[in-house]
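A.B. asks: The following block contains a protein sequence and its predicted model.
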Amino acid sequence: WFTSEFLPYLKEWEEYVKSCTNKTARERKRMCIARETIKGLRITGKSTICYCKFTSFIIHSFVELVEYIFSNIEGVKVFFSERLTQDPIEAFFGRQRMRGAAKANPLIGNAVALLSRIHPETKWLQRLLQPCYTGKTSSYAYQTL
């Protein structure tokens, strides 16, 4: 649906707005969503076509979120996606990389250990991720529920 219907719809919308020559540039800009948003959606869509699992997960999660909001929350008529951001999460993991000094790519266990020092109520998460030995191998994996 996203790549077969929604992205073509966005392109038609954008072309229609461009064809409104009787409007000023400012009016045309207000008639459509931001170019950056359209570009981001197209890039995300292309990633999905390439079957990038992570991006596909994000798109499906976003679509499911929007469907959930409109179908399960009464009175919602408009949804502004620019209010969604993962900046706090990216900032948190950026700080973990800085604190790790030589570790440019810290493991989830490193981040959880630091998080449990900051927020003691998350100690259960650290215990959940303790290494455990599996099967007949000498390697270890993280415990899961």
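C.D. replies: Arrived safely.

A.B. asks: can you list the domains in the protein?
C.D. replies: As recorded under automatic domain parsing, the domains making up the chain are 2-83, 87-142.

A.B. asks: Lowest average pLDDT across those?
C.D. replies: For these, mean pLDDT drops lowest on domain 87-142, to a mean of 61.

A.B. asks: roughly how far apart are residue 66 and residue 37?
C.D. replies: Note on residue 66: its distance to residue 37, by C-beta to C-beta, to the nearest Å, is 14 Å. Where C-beta positions appear, they are placed from N, C-alpha and C, glycine not excepted.

A.B. asks: anything in contact with each of the two?
C.D. replies: Both residue 66 and residue 37 are contacted by residue 81, under the criterion C-beta atoms under 8 Å, 6 or more residues apart in numbering.

A.B. asks: Which of the helices or strands spans residue 27?
C.D. replies: For residue 27, the element it lies in under DSSP states H and E is helix 25-30.

A.B. asks: Go ahead and name everything in contact with that helix.
C.D. replies: The contact list for helix 25-30 (C-beta under 8 Å, 6+ apart) reads 17-18, 20.

A.B. asks: Now rank those by neighbours and give me the top one.
C.D. replies: Among the contacts of helix 25-30, the one with the most neighbours (other C-beta atoms under 10 Å) is residue 17, at 16 neighbours.

A.B. asks: That one against residue 35, yeah?
C.D. replies: No. Residue 17 is not in contact with residue 35 according to C-beta atoms under 8 Å; the separation is 10.6 Å.

A.B. asks: one step back: could you export the contacts of helix 25-30 as a markdown table, including secondary structure?
C.D. replies: Formatted as a markdown table, those follow (DSSP: H, G, I helix; E, B strand; the rest coil):
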| residue | secondary structure |
| --- | --- |
| 17 | helix |
| 18 | helix |
| 20 | coil |
